[in-house]
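A.B. asks: Here you go, sequence then predicted model.
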Amino acid sequence: MIGIDKIIARFPGTRVEEGAALPTLVAPPGEYRALAGFLRDDEGARFDYLACMTGVDGGEWLGVVLLLESTTSGERVYLQTGTTDRERPLLPTVSDLWETANLNEREVYDYFGIRFAGHPDTRRLFLRNDWVGYPLRKDYDADALVNPVRLESDETPDDTRSWREDGGEEAHALFDDEEYVVNIGPQHPATHGVLRFRVALEGEIVKKVDVHCGYIHRGIEKMCESLTYPQMLPMTDRLDYLAAHQHRHALCLCVEEALQMEVPERVKYIRTIMDELNRLSSHLLFWSTLCMDLGALTAFFYGFRDREKVLDIMEETTGGRLIQHYNVIGGVTDDIHPNLARRVKEFIKYLPPMLKEYDEVFTGNVIARERMTGVGVLSRADAISYGVTGPSGRASGWACDVRKRRPYGVYDKVDFKEIVHEEGDSFHRYLTRVEEITESLRILEQLVDNVPPGEFAVKTKPVIKLPEGRYFKSVEGSRGEFGVYIESRGEKTPYRLKFRSTSFPLVSVVPLLARGSKIADLIAIGGTLDYIVPDVDR
Amino acid sequence: MFDFSVITRWVDQLLRGVMPDAAATVVECVIIGLCLLLGYSVIALALIYAERKVCAWFQCRLGPNRVGPLGLLQSVADMVKMLIKEIIEIRHVDRFLFGLAPYIVIVASVGAFACLPFARGLQVLDFNVGIFFLVAVSSIGVVGILLAGWASNNKYSLIGAMRSGAQMISYELSIGLSILTMVVLSGTLQITELVEGQADGWLLFKGHVPAAIAFVIYLVAGTAETNRGPFDLPEADSELTAGYHTEYSGMHFGFFYLAEYLNLFIVAGVATTLFLGGWMPLHVPGWEGFNEVMDYIPSIFWFFGKAGVMIFVIMWFKWTFPRLRIDQLLRLEWKYLLPVNLLNLLLMVIVVVYKLHF
């Protein structure tokens, strides 16, 4: 346990606000960095995982809220800081404490215009460089005349800026003139969407990778601020479309928790079954696309052939194949289809022989192994620091499965193994996912016949207002921890809503993993990290 | 067995009867050129269709089935489309080299194609260093690919071209050495003699162990030489979009495409000629009846049948294996195939000197 008294004694300026679920440490900017360092390194605290970083416009102040988590004790705490200087807000960076803060602080700069002193690379992340204003500020001018649709392309500068603590500005180059810089993306077959890497090459060797996001940025968090809670449900499906059901699950859970609403047991079962079906379809797609990325085109079709069966099962109950509009606040839209149990059981019988075929075609293939083994090794410490969760994190030895750490649905009632590997290379990222397919089948096997009778939804009020406070709820999405952070001021729309993206940290770790490897390895690394670009850009 | 030289001689005499010798030679050259190009494109179209059907079969799909019966006219339709497509002019390219590159590639592959003995007496080029000429001509293609990558002024293309250069030059060694191994066994460089020498048994069987090793190496190197999967790094679509021909459009792209398939055929054809007896029917010493029945099958069917099997095997590689990485590709050649090949050549020499072959 962290001693709150100890913190107050060491950091006299810091206040503690008790929240509904978690305490918030409110630090003045002067103490923020020292406190963050203390929270990360102190023996009693060890908050080594920055689960979620959110910029907040508090009205008079602009600031950030960090959700810190200890991977040893599982304890969580909010850390908040802010500045009243709205003209030239400057806060100290924590990007050297948690690597994941690097891109997150760029996002905060992009949305709120908060500059971070000591941050190595302050550029806009999602929006154009010539964007006027900071959209998530409450005083943002959304007039279309201020930011018209621009017809000229946005030049990509080769240099970047960073700020000193006294507010001074420094420019430094990202790429030298002599470097052979190649764009991988935004239109590229192996980036699985409109993601762009600027890659400095020396022959075939990757020297540097610079990530450019925002090509599919839709401002979903901004949109959610003006939508009611039921209205924003479809937004979650548009983040990671391969984990649409799981993401919606997270938002429903978060709202239900804030309302202290208890959903029927049947709903929990149905949601868990659908989550696992969703995971199966996502992992099968992962397998297919990875094989294609590595040049095994036939394997691609095998994976799709089997994924189709999962989609058919989901379609029968939810009506959706890729995106299921199935979860709603308080339950699900409709009861499960009578065929579900039978078809799921058929599928559970069908898939294992196919998995064996997968192993013969790809896993056991000497070329596939050579291509993946030892490529893009991610250490456990880096995985935590970069916030790489999900199968990618577990392949590095970090047991980060939300289903085990903070069970939701009926995951506490089913018996399944959390797949963890120590090696952290591409091959084990791949293996973790393939083995998780089997575990998902086991979970389904235990659930489909035991769905308890009851209501499939509870009645909710026509207008849902969340009590004032901060809420964070996460689920295990197909590729990591997906969290929903809601800051409510008691209205029917959230004051600030942030989605803790699963793919964002995966993309942020690419430059680290790809440095010094070959172009082909960059593709293997991207393929095994399995990021989904709309989830990065939001 | 039917000898195609009967036809060619008859045409020759007919022409010489109505015009002077020099004119007859010119007309013959034109006719042969036309026939070659016609055969070239027909084979390429057939191969494109075959590849699509084979790959569909591997991938639990149907493949082309809409244009014509069984989709047979699909590649013809594709060719027509390709022919009438605009060739897009790209700024900042070296226009001369950019335009030249596809022709070099196609000329190299037509040149190699002309060396193949399709049937008894059906061969365009046949002289005492035929197989040597074939290897030399087919290796010109890499110049075209390098030029294409360089002239495109595109970073992806350049990487693709460089990969291609490294790959083809490396694997050229393996191809050359395995061909040399077989030449040692048969004792001639002339292609017709090579085939005739296999009347009493294909070289693959005659040369037993060293021939089998050479055959495997030839297949691997040949697949690499044609830039086909799992060695399709120069155009690795998931890495370099389309590699050296990214910037090409219309028939310029079509030339690369045609040459790629024809190179597949040439590799299969050379494998047939060197290892599987060319157009020579399957003869088993001692089985007179069987041999006679085999002789009734026209030699052209033997050649295309054997080449078809080889093509199927190479396609099988492509649709099964993932792609190698460039360093693995070069390691495979320089650390494994090349030393094994040199030892194998030595082994073959020993076999021939001590008459250990059949």
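C.D. replies: Good, I have the coordinates. Numbers count the residues shown, from 1 in each chain, chains lettered A, B, ... in the order given.

A.B. asks: quick one: contacts of stretch A:219-227?
C.D. replies: A:111, A:135-136, A:232, A:235, A:238-239, A:493-499, A:538 (Cβ atoms under 8 Å, 6 or more residues apart in numbering or on different chains). All C-beta atoms are positioned from the backbone trio N, CA, C, and that covers glycine.

A.B. asks: what comes up buried for it?
C.D. replies: Burial within stretch A:219-227, assessed by neighbour count using 16 or more other Cβ atoms under 10 Å in any protein chain shown, is assigned to A:220-221, A:224, A:227.

A.B. asks: next one: stretch A:397-412
C.D. replies: By 16+ other Cβ under 10 Å, the buried positions in stretch A:397-412 come out as A:397-398, A:400-403, A:406, A:408-411.

A.B. asks: can you tell me which of these lies nearest to chain B?
C.D. replies: Distance ranking of these against chain B, using Cβ to the nearest Cβ, places A:Gly397 first at 25.8 Å.

A.B. asks: do you know how far B:Tyr167 is from chain A?
C.D. replies: No Tyr there; residue B:167 is Gln. Taken as Cβ to the nearest Cβ, to the nearest Å, the spacing of B:Gln167 relative to chain A amounts to 12 Å.

A.B. asks: you'd agree that residue is up against B:Asn227?
C.D. replies: Yes. With contact defined as Cβ atoms under 8 Å, B:Gln167 and B:Asn227 form a contacting pair (7.4 Å).

A.B. asks: Those two: who's more crowded?
C.D. replies: Using other Cβ atoms under 10 Å in any protein chain shown as the criterion, B:Gln167 and B:Asn227 rank with B:Asn227 on top: 27 against 24.

A.B. asks: any idea which helix or strand carries the more buried one?
C.D. replies: When secondary structure is defined by DSSP states H and E, B:Asn227 falls outside every helix and strand.

A.B. asks: just to revisit the earlier point, farthest-separated two in the buried residues of stretch A:397-412?
C.D. replies: The most widely separated members of the buried residues of stretch A:397-412 are A:Gly397 and A:Val410, with 27.4 Å between them, by Cβ to Cβ.

A.B. asks: Show me the shaky parts of the stretch 151-300 of chain A.
C.D. replies: Filtered on pLDDT under 70, the stretch 151-300 of chain A yields no residues whatsoever.

A.B. asks: and whichever residue of it sits closest to chain B, how many neighbours?
C.D. replies: Per Cβ to the nearest Cβ, A:Gly295 is where the stretch 151-300 of chain A lies closest to chain B, at 2.8 Å. Under the neighbour criterion other Cβ under 10 Å, A:Gly295 is assigned a count of 27.

A.B. asks: show me the contacts for the residue nearest to it when sequence neighbours are not counted.
C.D. replies: The spatial neighbour of A:Gly295 that comes closest, neighbours along the chain excluded (Cβ to Cβ, 6 or more residues apart in numbering or on different chains), is B:Arg323 at 2.8 Å. B:Arg323 makes contact with A:294-296, A:367, A:371, A:520, B:229-233, B:236, B:238 under the criterion Cβ under 8 Å, 6+ apart.

A.B. asks: Show me which of those is closest to A:Gly167.
C.D. replies: Nearest member of the contacts of B:Arg323 to A:Gly167, counting by Cβ to Cβ, is A:Ala520, at 44.6 Å.

A.B. asks: any idea what sits nearest that closest one, other than its immediate chain neighbours?
C.D. replies: Among residues not flanking A:Ala520 along the chain, B:Arg325 sits closest, at 4.4 Å (Cβ to Cβ, 6+ apart).

A.B. asks: SS state for the residue in the stretch 251-358 of chain B that chain A sits nearest to?
C.D. replies: With distances taken as Cβ to the nearest Cβ, the stretch 251-358 of chain B approaches chain A most closely at B:Arg323, which sits 2.8 Å away. Three-state assignment for B:Arg323 (DSSP: H, G, I helix; E, B strand; the rest coil): coil.

A.B. asks: now stretch B:327-340: mean pLDDT?
C.D. replies: Averaged across stretch B:327-340, the pLDDT comes to 88.

A.B. asks: try stretch B:122-138
C.D. replies: pLDDT averaged over stretch B:122-138 equals 83, rounded to a whole number.

A.B. asks: can you check stretch A:497-512 too?
C.D. replies: Rounded to a whole number, the mean pLDDT of stretch A:497-512 is 89.

A.B. asks: just stretch A:102-122 next, same as before
C.D. replies: Model confidence over stretch A:102-122, given as mean pLDDT, is 87.

A.B. asks: Check what pLDDT B:Gly141 gets.
C.D. replies: According to the model, B:Gly141 scores 84 on pLDDT.

A.B. asks: Would you list the phi and psi of the closest residue to it other than its chain neighbours?
C.D. replies: Distance criterion Cβ to Cβ, 6+ apart; nearest residue to B:Gly141, sequence neighbours excluded, is B:Ala108 at 3.9 Å. Main-chain dihedrals, B:Ala108, degrees, to the nearest 10: phi -60, psi -40.

A.B. asks: So is the strand or helix carrying A:Ile270 next to chain B?
C.D. replies: Counting by DSSP H and E, the element that carries A:Ile270 is helix A:265-293. Yes. Under the criterion of Cβ under 8 Å from any Cβ of the partner chain, chain B is reached by helix A:265-293 at A:291-293.

A.B. asks: so what's A:Phe304 up against?
C.D. replies: Neighbour list for A:Phe304: A:284-285, A:288 [criterion: Cβ under 8 Å, 6+ apart].

A.B. asks: Could you give me the buried positions within the strand or helix carrying it?
C.D. replies: A:Phe304 is part of helix A:297-318, with elements assigned from DSSP H and E. The neighbour-count criterion (16+ other Cβ under 10 Å) identifies A:297-304, A:306-307, A:309-311, A:313-314, A:317-318 as the buried residues of helix A:297-318.

A.B. asks: likewise stretch B:351-358?
C.D. replies: Along stretch B:351-358, these residues count as buried under the neighbour rule (16+ other Cβ under 10 Å): B:351-352, B:357.

A.B. asks: if I look at the closest residue to A:Ala117 other than its chain neighbours, how far off is B:Phe358?
C.D. replies: The shortest distance from A:Ala117 to any non-neighbouring residue, by Cβ to Cβ, 6+ apart, is to A:Glu165 (4.4 Å). As judged by Cβ to Cβ, to the nearest Å, A:Glu165 and B:Phe358 stand 86 Å apart.

A.B. asks: Contact partners for residue 341?
C.D. replies: Reading this off chain A. A:448-449, A:451.

A.B. asks: Hmm, no, I was thinking of chain B.
C.D. replies: Remark: with contacts taken as Cβ under 8 Å, 6+ apart, B:Asn341 is in contact with B:173-174, B:177-178, B:181, B:214, B:217.

A.B. asks: SS state for it?
C.D. replies: helix.

A.B. asks: could you dump the buried residues of stretch A:219-227 to CSV with secondary structure?
C.D. replies: Shown next, in CSV, are the buried residues of stretch A:219-227 (three-state DSSP):
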residue, secondary structure
A:Ile220, helix
A:Glu221, helix
A:Cys224, helix
A:Leu227, coil
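
A.B. asks: Quickly name whichever of those is closest to A:Asp141.
C.D. replies: Checking the buried residues of stretch A:219-227 against A:Asp141 with Cβ to Cβ, the nearest one is A:Glu221 at 17.9 Å.

A.B. asks: Could you count how many residues lie near residue 149?
C.D. replies: In the absence of a named chain, chain A is used. Number of residues near A:Val149 (other Cβ under 10 Å) recorded here: 5.

A.B. asks: To clarify, I was referring to chain B.
C.D. replies: Other residues lying near B:Gly149 total 29 when counted by other Cβ under 10 Å.

A.B. asks: same question, B:Gly39
C.D. replies: By other Cβ under 10 Å, the residues close to B:Gly39 number 16.

A.B. asks: re the thing from before, for the helix holding A:Ile270, buried residues please.
C.D. replies: When neighbours are counted by 16+ other Cβ under 10 Å, the buried residues of helix A:265-293 are found to be A:266-293.

A.B. asks: Next, the angle from it to helix A:297-318.
C.D. replies: Here helix A:265-293 runs at an angle of 160 degrees relative to helix A:297-318 (axes from the mean of the first three to the mean of the last three Cα atoms, to 10 degrees).
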